[in-house]
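Participant: just the structure for this:
(one chain, ligands or ions: 1)
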Amino acid sequence: MSYFEVKDITKKFGGLTAVSSLSFTVEKGEIFGIIGPNGSGKTTVFNLISRFFPLTAGEIYFKGKRIDQLPAHKICEIGIGRTFQVVKPLRRMTVLENVMAGAFLRTNSMGRARHRAEEIIDFCGLTRYKEREAKSLPIPLRKRLEIARALATGPELLLLDETCAGLNPKESEEAIELIRKIRDTGITIIIIEHIMKVMMGISDRILAINFGRQIALGKPQEVANHPEVIKAYLGDAYA
Ligand SMILES: Nc1ncnc2c1ncn2[C@@H]1O[C@H](COP(=O)(O)OP(=O)(O)OP(=O)(O)O)[C@@H](O)[C@H]1O
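Facilitator: Predicted coordinates for the structure are as follows:
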C-alpha cells in the first residue's frame, strides 16, 4: 500500500477533459513534482485531491483509506494541506492573524493558536513581518505566508502550487530551501511548478503531464530527457 495514491482519475468540465485517467503514487517523505505546460491539468489535479471539485471518475487513497468522497474541510482535517497558485491571504488581516486562522483547525484555544502560529511564522522566516497587513507584503513574502497558513493546518501531506512562479532566481532558491526544510520535518510534499529547473533540483520523482495525461514518470533526469517532455515544452523541432 502506498502512502498516497491517485487511481485513474478523470475530470471533465463540460466537453473539456482537463484530467484524463491519471494514476500515480507518492511515498511518505517524498517530494513528488508534477510538471506540464500551461493548461495541462496540474492545478486541476490539486483541486481534485483537495476536493474543491468532485472527480468525474477514479479514486484517491490516503494512508490506505479512500478519501475522494470526503468534503474539502475533512480533507484538510485528515492532514492534507494546500497552497494556491494565486495567493489568497486574508488581505486586511496581519500575517499573524492569517496564520492563526489556519491553526484554529487544530485548537479552539486562542493562546495555543497564537503560539503555534508564531512558531510557524518563525520557521518560515516571517517573524519581522508578523504584525504587517497581508496585503502590504511583496509577492515573495505573500508566497511564504501562503505556505505558513497551510502549515498551520497541521498537514502530513502538503500540496504546493507554483510556489516559485514570479520569483527571481535568488527568491526561488530561498523558497526551495524552505520546501526542503518542511520535508525535513517529516511532511510529504507534492509540488507543481512549470519551471523545469526548479523541479529538477528539488523533486525525488517527477510526473510530467500534458492534456491531462501522463507523458513521463520517474527520476528528474529521466523525465527531463524524455522525448515527450521535450516535445511538450519546446515543440516538435526539439524532440
Ligand atoms: N473550473 C473550471 N471550469 C472549466 N474549465 C476549467 C476549470 N478549471 C480548469 N479548467 C480547464 O482545465 C484545463 C486544465 O487547467 P489547469 O488550471 O488544471 O492547468 P494547469 O496545468 O494548472 O495550468 P497553468 O500552468 O496555466 O496553471 C484548462 O484547459 C483549463 O481552462
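Participant: what helix or strand does the residue nearest to the spatial centre of the chain sit in?
Facilitator: Nearest to the geometric centre of the chain sits L160, at 1.9 Å (CA atoms, centre = their mean). Per DSSP states H and E, L160 falls inside strand 157-161.
Participant: which residues of this protein lie near the ligand?
Facilitator: Contact residues (CB under 6 Å from any ligand atom) of the chain with the ligand: 13, 16, 18, 36, 38-44, 85, 194. Any C-beta I mention is one placed from the backbone N, CA and C, and that applies to glycine too.
Participant: show me the contact partners of the next helix or strand along the chain from the strand holding L160.
Facilitator: Going down the chain from strand 157-161, the next helix or strand is helix 169-184, by DSSP H and E. Contacts with helix 169-184, where a contact means CB atoms under 8 Å, 6 or more residues apart in numbering, come from 29, 31, 123-125, 140, 143-144, 147, 151, 158, 160, 163-164, 167, 189, 191, 195, 198, 201-202.
Participant: of the residues of the chain next to the ligand, select the buried ones using a ChimeraX command.
Facilitator: Selection of buried members from these for ChimeraX, criterion 16 or more other CB atoms under 10 Å:
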select :18,36,40,41,42,43,44,85,194
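Participant: from the residues of the chain next to the ligand, which shows the smallest pLDDT?
Facilitator: Lowest in pLDDT among the residues of the chain next to the ligand is Q85, which has 64.
Participant: about what we covered before: tell me which of the residues of the chain next to the ligand is nearest to G218?
Facilitator: Among those, G36 lies closest to G218 (CB to CB), at 14.9 Å.
Participant: surely the residue nearest to the centre of the chain touches T188?
Facilitator: No: in this structure L160 lies outside contact range of T188 using CB atoms under 8 Å: 11.3 Å.
Participant: just the ones of the contacts of helix 169-184 in strands?
Facilitator: 31, 158, 160, 189, 191 (DSSP state E).
Participant: not counting residues beside it along the chain, what's closest to the first one?
Facilitator: This points to I31. Nearest non-adjacent residue to I31, counting by CB to CB, 6 or more residues apart in numbering: I189, 4.7 Å away.
Participant: could I get the ones in strands among the contacts of helix 169-184 in a markdown table, plus columns for distance to L207?
Facilitator: A markdown table is the format used below for the ones in strands among the contacts of helix 169-184 (distance: CB to CB, whole Å):
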| residue | distance to L207 |
| --- | --- |
| I31 | 12 |
| L158 | 17 |
| L160 | 14 |
| I189 | 13 |
| I191 | 11 |
